[in-house]
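Colleague: using only what follows, build the 3D model:
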Amino acid sequence: MVRRIRLITGLVLFVYVATHLTNHSLGLFSLQAMEDGRAWFLLLWRNPLGTTALYASLIAHFALALWAIYARRRLDYSPGEIAQLLLGVAVPALLAQHIVGTRGAHELAGTADSYAYVLLAHFRFGGPADVWLQSAGLLAAWIHGSIGLAYWLRLKPFFQRWQYVLFAAALLLPVLSLLGYVNAGRDVLALAQDSAWRRAALAAIGPPTGDTLRLLLAVRDSVWWIVGGGVALALAARLIRQVAERNRNIIRIVYPDGAAINVPPGTTILDASRLARVPHASVCGGRGRCSTCRVRVTAGAEGLPAPGADEQRVLDRIEAPPHVRLACQTRPLGDIAVMPLLPPTATVRESFTRPGYLRGQEREIAILFADLRDFTRFSERKLPYDVVFVLNRYFAGMGAAVESAGGHLDKFIGDGVMALFGIESDIVTGCRQAVDAARAMGKKLDELNRSLEHDLDEPLRIGIGIHAGHAIIGEMGYGQATSLTAVGDAVNTASRIEAMTKEYAAQLVLSEDVADKAGVDLSGFPAHELAVRGRSEPIRAIVVARTADLPPRHTA
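Modeller: Predicted structure coming up:
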């Protein structure tokens with residue numbers, strides 16, 4: 001709930017600041033353009049609904065900033081978080097005079113708080129300090145909002161494509177706003193040289209005077225005291241909590257490498273990691289949005305409070321298995337042992353909604369292995385450039401064949417290919433796709449041999465093996481070498497079936513089970529009982545000399 005309130009109030013304030021800066025930028029055209037734009041600005045914000053939303057958001061957002069100072073156990077913020085927090089606390093103080101001098105004067109003294117009034121106050125009757133204070137306040141509000149918006153949007157897949165455009169807009173708007181503000185200020189200074197214009201403007205504005213002015217200044221001072229007092233109170237509350245917790249029971253959180261920390265009950269697991277200086281991923285900064293801080297609770301799960309609505313929503317989104325919790329949202333009340341599921345270097349990509357099988361699932365799939373025959377001998381006779389050229393042409397053709405059939409190209413291993421089928425469908429579809437891919441691979445190889453006939457001493461030959469069965473699939477690897485792959489007995493068997501194409505001098509050997517599921521009648525091809533190393537029972541497999549001889553599958 002706190003996270004949602006912070007987001008909604010932040011968006012309201014961001015829209016307000018954006019429309020205000022846009023209005024300022026009209027000063028690049030003329031003072032009258034600013035006044036015309038202000039009419040639309042007031043239509044949006046100076047009504048019961050707009051006013052309530054604006055000031056309620058301002059109060060709630062500031063209160064949540066104070067809560068953030070108090071609630072976080074360790075104030076080890078990232079540079080962006082530090083800037084956002086400091087600016088968020090500073091904005092009410094920086095803009096207090098502007099708000100009181102415009103909306104406050106309008107409500108209490110009936111002042112027409114037009115741009116002429118504001119610019120006269122800043123550039124004619126005020127001084128450089130007023131101009132700098134106004135500029136600093138608006139820039140602080142804009143930067144604070146932009147950082148918050150970036151933290152929120154960077155968890156959206158589209159943000160990676162649009163981040164530079166959004167960054168350019170975030171830079172351009174305040175620049176145009178300040179230029180418009182200064183340009184209009186110069187125009188007002190020129191107009192104010194005419195005493196008649198100045199008298200008419202002041203008469204139309206009706207600036208606050210006397211007791212009303214003193215009251216407005218007192219309100220401004222009160223805002224400054226409230227801001228400073230709120231920050232001091234939050235820091236004092238942290239100190240009081242630390243003293244009080246020294247006499248309370250503690251719980252123990254244990255990590256896989258043996259690291260452990262004693263913390264008060266109710267401390268989030270992420271805060272405990274920070275206190276213990278255990279590296280822990282948290283792309284969103286512990287706001288319960290990204291899921292990168294998730295952990296598997298290996299002991300003590302029965303004593304954990306149930307996930308809140310926000311945490312459960314994220315867990316459902318990532319299809320989290322039992323005993324997986326968000327470290328930033330889980331507050332253990334007893335001893336637990338946890339294992340972070342992502343490395344500390346996890347990126348925004350890990351927070352995107354992705355298929356559950358990427359995190360590891362057991363599925364029945366079809367696996368295809370393919371290998372070039374006698375390629376070692378070929379490579380010994382050719383220059384390195386020629387070897388690389390031929391291999392890349394071969395990989396391009398085989399990869400296109402696999403993907404056009406609906407398969408997933410797992411990896412290239414030397415001169416071999418591994419592909420998976422049925423990952424996002426079912427085993428029947430997967431087997432059909434694998435057979436279609438084998439047929440297409442044979443055609444692609446024929447095309448490649450024709451195009452390279454003047455460069456090859458003999459045509460390239462291929463051996464393909466296909467098997468189906470249960471395998472564990474998921475993203476595996478390290479760093480940049482992480483990819484979707486599969487492991488298990490079915491994978492090993494498919495690899496060994498492919499090796500048997502050498503023995504039978506055939507382009508394709510596939511298990512009978514694959515042919516049956518694919519709906520391909522291979523009764524006219526020789527079948528053999530193959531003893532596969534590592535398996536107690538033989539596998540009945542079908543040998544196809546040329547994939548071009550594969551009949552079309554039946555649909556009955």
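Colleague: each with direction, which strands does the longest strand anywhere in the chain pair with?
Modeller: Using DSSP state E, we find that the single longest strand of the chain is strand 462-476. Here strand 462-476 is paired, per DSSP bridges, with strand 361-372 (antiparallel), strand 483-487 (antiparallel), strand 508-511 (parallel).
Colleague: residue ranges with poor pLDDT in the chain?
Modeller: 76, 247, 350-359, 479, 534, 553-556 (pLDDT under 70).
Colleague: pull the residues that contact stretch 51-68.
Modeller: If you take C-beta atoms under 8 Å, 6 or more residues apart in numbering as the criterion, stretch 51-68 is touched by 2, 5-6, 8-10, 12-13, 16, 45, 85, 88-89, 92, 227, 230-231, 233-234. C-beta here means a position set from N, CA and C on the backbone, and glycine is covered the same way.
Colleague: revised request: answer the last question for stretch 31-38.
Modeller: By C-beta under 8 Å, 6+ apart, stretch 31-38 touches 22-24, 26-27, 114-116, 119, 180, 184, 187-188, 191.
Colleague: list the buried ones in it?
Modeller: 31, 33-34, 37-38 (16 or more other C-beta atoms under 10 Å).
Colleague: equivalent analysis for stretch 225-239, please.
Modeller: For stretch 225-239, the neighbour count (16+ other C-beta under 10 Å) marks 227, 230-231, 234, 238 as buried.
Colleague: tell me the SS of residue 433?
Modeller: Classification of residue 433 by DSSP: H, G, I helix; E, B strand; the rest coil places it in helix.
Colleague: and residue 324, how far is that from residue 299?
Modeller: Separation of residue 324 from residue 299 (C-beta to C-beta, to the nearest Å): 14 Å.
Colleague: neighbour count for the two, which is higher?
Modeller: More crowded of residue 324 and residue 299, by other C-beta atoms under 10 Å: residue 324, with 18 against 12.
Colleague: from residue 539, how far off is the more buried one?
Modeller: Distance of residue 324 to residue 539, given as C-beta to C-beta: 37 Å.
Colleague: restricted to helices, list the contacts of stretch 31-38.
Modeller: Judged by DSSP state H, the subset of the contacts of stretch 31-38 located in helices is 22-24, 115-116, 119, 180, 184, 187-188, 191.
Colleague: if we can go back for a sec, any chance of a markdown table for the buried residues of stretch 225-239, columns distance to residue 215?
Modeller: Converted to a markdown table, those look like this (distance: C-beta to C-beta, whole Å):
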| residue | distance to residue 215 |
| --- | --- |
| 227 | 19 |
| 230 | 22 |
| 231 | 25 |
| 234 | 29 |
| 238 | 35 |
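Colleague: which parts of the one helix or strand residue 136 maps to are buried?
Modeller: Using DSSP states H and E, residue 136 sits in helix 128-153. Of all the residues in helix 128-153, those buried under the rule 16+ other C-beta under 10 Å are 130-131, 133-135, 137-152.
Colleague: same check, this time on stretch 165-174
Modeller: By neighbour count on 16+ other C-beta under 10 Å, the buried set for stretch 165-174 is 170, 173-174.
Colleague: what's the answer for stretch 304-317, then?
Modeller: Using 16+ other C-beta under 10 Å as the test for burial, stretch 304-317 gives 304, 307, 310-311, 314-315.
Colleague: quick one: which of these sit in helices?
Modeller: The helices, defined by DSSP H, take in 310-311, 314-315 from these.
Colleague: quick check: residue 126 vs residue 185, distance?
Modeller: 10 Å.
Colleague: same question for residue 77.
Modeller: 36 Å.
Colleague: more crowded one of those two?
Modeller: The neighbour comparison of residue 77 against residue 185 (other C-beta under 10 Å) goes to residue 185, with 21 against 15.
Colleague: now stretch 149-167 - C-alpha only, CSV.
Modeller: Coordinates of each C-alpha in stretch 149-167 appear next as CSV, following Å, rounded to 0.1, in the frame of the first residue of the first chain:
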residue,chain,number,x,y,z
LEU,A,149,10.0,8.0,-12.8
ALA,A,150,13.2,6.4,-14.2
TYR,A,151,13.3,4.0,-11.2
TRP,A,152,9.7,3.0,-12.0
LEU,A,153,9.9,2.9,-15.8
ARG,A,154,13.2,1.1,-16.1
LEU,A,155,11.4,-2.1,-14.9
LYS,A,156,9.2,-1.9,-18.0
PRO,A,157,10.4,-3.7,-21.2
PHE,A,158,9.7,-0.7,-23.4
PHE,A,159,12.0,1.6,-21.4
GLN,A,160,15.2,0.0,-22.9
ARG,A,161,14.0,1.2,-26.3
TRP,A,162,12.9,4.7,-25.3
GLN,A,163,15.2,5.6,-22.5
TYR,A,164,17.4,8.0,-24.6
VAL,A,165,14.3,9.8,-25.9
LEU,A,166,12.9,10.1,-22.4
PHE,A,167,16.3,11.3,-21.1
